[in-house]
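Peer 1: Kindly generate the corresponding structure for this input.
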Amino acid sequence: MAPYRVLVVDDSPFMRKIFSDLIVQDPQFTIVATACNGIEAIEAVKKWKPDAVTLDLEMPELNGLDALQRIMLEQPTPVIMLSGISEENTRETIKALQFGAFDFIRKPMGAFSNDIVRVGELLLEKLRIAVLTRRYSASVMDTEKKKASSKRDKPMHSPVGQPVKPVEEGNNRKRGLLQPEQQAEARDVSAPAIERKTKATGGLRNPVKPMSDGSRPFESAPIIPVAPVAAALEENKERKRFRHADSFDQLIAIGTSTGGPRALHEVISSLPAQLPAPVMVVQHMPPKFTKSLAQRLDSFSELEVVEAAQGDRLKAGVVYIAPGGHHMELAKDQSGYYVQLTQKPPRNGHRPSVDVLFESLTPFDELKRHAVIMTGMGSDGAKGMKALVDSGAESAIAESEQTCVVYGMPRSAIETGCVKTVLPLQQIAAELQHAVLKG
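Peer 2: Numbering: from 1, shown residues only. Alright, predicted model coming up:
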């Protein structure tokens with residue numbers, strides 16, 4: 001098989017050389033071209049049609065974020081962003097993930113940094129997953145489209161043959177759930193694009209094409225307009241001044257990895273402000289980036305979204321993002337439930353780990369617990385979800401293959417037999433609303 005063709009984009013000749021040399025250490029890859037700014041990158045993608053792109057954020061003439069949006073509109077391709085660790089870089093990286101970037105890596109700290117080898121290993125790992133995901137998507141797309149019409153008339157089934165739990169009809173509008181015609185759009189490849197209100201801006205974001213044809217998000221990436229951060233945060237402060245409830249009898253826990261920032265945006269921005277439960281989230285991400293993720297999600301959500309800190313008291317209507325480099329657990333004392341952060345060894349290669357979060361919920365059977373596992377490579381969260389269900393969890397939801405960027409973590413959870421509901425991404429928030437509000 002011919003090697004995968006990669007386009008390397010960076011304004012530094014030295015970094016272009018470093019990344020090119022790191023990539024070709026794996027014979028599966030070859031460098032088809034390089035580019036030194038966003039304009040050259042767009043033209044190179046059109047000309048060479050690479051299997052993947054590495055794209056620097058900060059470049060002259062046209063930066064990486066603007067180039068990414070053009071690439072996703074004109075020639076959708078898996079893009080790995082190359083990011084620094086400054087606060088501005090982390091914010092821009094989170095935007096890039098929501099604009100359709102497949103993943104990101106932190107750039108080496110310096111030209112002769114000792115972590116260049118480690119960065120190279122991470123880059124190759126992410127490139128392998130990106131190109132294999134794209135090839136799989138291309139191979140199954142025609143088959144899925146041929147089957148689409150017959151599937152519309154039949155109940156959806158999970159990969160292990162379990163029927164997908166339907167979202168109940170009747171009084172759906174009052175609860176804010178998907179209407180039957182919207183449910184059809186979410187799984188109908190021929191349905192028109194869906195326009196949804198962006199909460200932070202009060203405007204419409206660009207139509208998002210449902211991804212039920214087997215394609216991955218980088219094949220038809222929506223563009224989410226960037227509201228001015230300060231204005232969005234101020235508007236959210238005004239809207240979120242209601243008193244969060246200190247007492248609650250339900251809790252939502254979500255785990256995700258590759259593709260997670262966009263999936264979290266879809267789910268969290270669709271939950272109502274008066275959600276009578278706290279939400280705990282593990283997203284595989286390095287330190288500093290999780291803070292930017294929380295700020296970004298907060299600016300688009302009716303809920304308050306924060307990066308969790310040690311000892312935070314859990315409140316209904318607040319989303320707690322596990323900080324990079326720390327496990328997050330649920331703990332309880334005489335004053336109530338709180339966040340416990342630890343630096344125990346990584347689980348499944350990750351810290352924070354979804355398994356650690358889910359397993360920490362198992363003793364608290366007085367709570368109605370709702371667990372969700374979404375897009376991501378590997379199997380983190382599968383054992384924890386199984387333990388949680390065995391302890392009496394109310395809900396166990398997995399994102400369906402058709403909308404996952406990488407169908408690893410959800411598949412592993414489904415294979416344990418513990419998943420109760422399999423849903424496309426667009427229906428997860430509605431199902432959570434229904435499950436929590438009926439309780």
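Peer 1: residue at max distance from the center of the chain?
Peer 2: residue 334 (34.9 Å; C-alpha atoms, centre = their mean).
Peer 1: so how far is residue 315 from that residue?
Peer 2: 17 Å (C-beta to C-beta, to the nearest Å). Bear in mind the C-beta positions are built from the backbone N, C-alpha and C, glycine included.
Peer 1: again, but for residue 331
Peer 2: 15 Å.
Peer 1: Kindly report the same for residue 269.
Peer 2: Counting by C-beta to C-beta - residue 269 and residue 315 are separated by 19 Å.
Peer 1: With neighbour numbers in mind, choose between these two.
Peer 2: Taking other C-beta atoms under 10 Å, residue 269 and residue 315 do not tie; residue 269 has more neighbours (22 against 18).
Peer 1: wouldn't the more buried one be in contact with residue 298 here?
Peer 2: No - applying C-beta atoms under 8 Å as the test, residue 269 and residue 298 come out as separate, 10.0 Å apart.
Peer 1: What confidence value was assigned to residue 245?
Peer 2: On pLDDT, residue 245 comes in at 71.
Peer 1: which residues does it contact?
Peer 2: Counting by C-beta atoms under 8 Å, 6 or more residues apart in numbering, residue 245 makes contact with 276, 315-317.
Peer 1: residues in contact with residue 261?
Peer 2: 94, 97-98, 283, 293, 296.
Peer 1: try residue 45
Peer 2: 7, 53, 71, 74-75, 77.
Peer 1: Just the strands from this protein, written as ranges.
Peer 2: 4-9, 29-35, 52-56, 79-83, 103-106, 250-256, 279-283, 304-307, 318-321, 327-333, 336-342, 368-373, 395-399, 421-423 (DSSP state E).
Peer 1: Looking at the ones you listed, which is nearest to residue 130?
Peer 2: Closest approach to residue 130 among these is made by strand 52-56 (5.1 Å; C-beta to C-beta).
Peer 1: quick revisit: in CSV, list the contacts of residue 245 along with distance to residue 351.
Peer 2: CSV is the format used below for those (distance: C-beta to C-beta, whole Å):
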residue, distance to residue 351
276, 31
315, 25
316, 27
317, 27
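Peer 1: and which of the residues you listed is nearest to residue 341?
Peer 2: Of the contacts of residue 245, the one sitting nearest to residue 341 (C-beta to C-beta) turns out to be residue 315, at 17.2 Å.
Peer 1: Let me know the distance separating the spatially most central residue of the chain from residue 425.
Peer 2: For the chain, the residue nearest the mean C-alpha position is residue 260 (1.2 Å; C-alpha atoms, centre = their mean). Going from residue 260 to residue 425 by C-beta to C-beta gives 11 Å.
Peer 1: What of residue 26?
Peer 2: In terms of C-beta to C-beta, residue 26 sits 31 Å off from residue 425.
Peer 1: who has more neighbours, the two?
Peer 2: Higher neighbour count among residue 26 and residue 425: residue 425, with 24 against 17, using other C-beta under 10 Å.
Peer 1: ok, and the closest non-adjacent residue to residue 384?
Peer 2: Distance criterion C-beta to C-beta, 6 or more residues apart in numbering; nearest residue to residue 384, sequence neighbours excluded, is residue 358 at 2.9 Å.
Peer 1: hmm, I was thinking of residue 290
Peer 2: Residue 290 sits nearest to residue 324 (C-beta to C-beta, 6+ apart), 4.5 Å away.
Peer 1: Any idea how many residues pack against the one you found?
Peer 2: By other C-beta under 10 Å, the burial measure for residue 324, its neighbour count, is 19.
Peer 1: That one and residue 288 touch, don't they?
Peer 2: Yes - Residue 324 is in contact with residue 288 according to C-beta under 8 Å; the separation is 6.7 Å.
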